[in-house]
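Trainee: The following comprises the amino acid sequence and a computationally predicted model.
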Amino acid sequence: MLKPDILKMAINNNVNIKRAKALLSNSWDEIYEDSPFVAKMSVNDVNLAKELVRNQIFENVKVDFNDYQSVHNFVIYNEKYMDQLAKSALLADFQ
């Protein structure tokens, strides 16, 4: 079950939800192209995305957090858009 604060963010289409949705749809590059000064993908974005997947909030998720190949490909494609902690959070389950 979603925590109330996450549910509230989802209802209000909060910027954090938009960032998590971009992560899940593997479209972070579109966010970056719209605004090159946007903060890099963070561990908070990764954790929120994982929480949304656990609760099946979005359909057509492009990243399978349980599959190393899927996560590895995502990291390779998006590495320039993420900070080191986000990368570590994505790969932590496989180390």
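Mentor: Nice, thanks for sending it over. Numbers count the residues shown, from 1 in each chain.
Trainee: What score does the residue nearest the centre of the chain have for pLDDT?
Mentor: Geometric centre of the chain, nearest residue: Leu23, 3.4 Å, by Cα atoms, centre = their mean. You'll see Leu23 listed with a pLDDT of 95.
Trainee: right, and it touches Asn47 too?
Mentor: No. Shown here, Leu23 and Asn47 do not form a contact pair, counting by Cβ atoms under 8 Å, at 10.4 Å. All C-beta spots, glycine's among them, are computed from the backbone N, C-alpha and C.
Trainee: Tell me how far Ala39 lies from Asn16.
Mentor: When Cβ to Cβ, to the nearest Å is the yardstick, Ala39 and Asn16 sit 11 Å from each other.
Trainee: okay, the two: which has more neighbours?
Mentor: Each of Ala39 and Asn16 has its neighbours counted (other Cβ atoms under 10 Å); Asn16 has more, 17 against 12.
Trainee: Phi first, then psi, for the more buried one.
Mentor: Backbone torsions of Asn16, given as degrees, to the nearest 10, read phi -70, psi -40.
Trainee: who's in contact with it?
Mentor: Neighbouring residues of Asn16 by Cβ atoms under 8 Å, 6 or more residues apart in numbering: 9, 44-45, 48.
Trainee: need the next SSE after the helix or strand hosting Glu33, C-terminal direction.
Mentor: Here Glu33 sits within helix 28-34, counting by DSSP states H and E. Remark: after helix 28-34, the chain's next helix or strand is helix 43-54, criterion DSSP H and E.
Trainee: Name the surrounding residues that touch that next one.
Mentor: For helix 43-54, contacts defined as Cβ under 8 Å, 6+ apart pick out 2-3, 6, 10, 16-17, 19-21, 23-24, 58, 61, 63, 65, 83, 85-86, 88-90.
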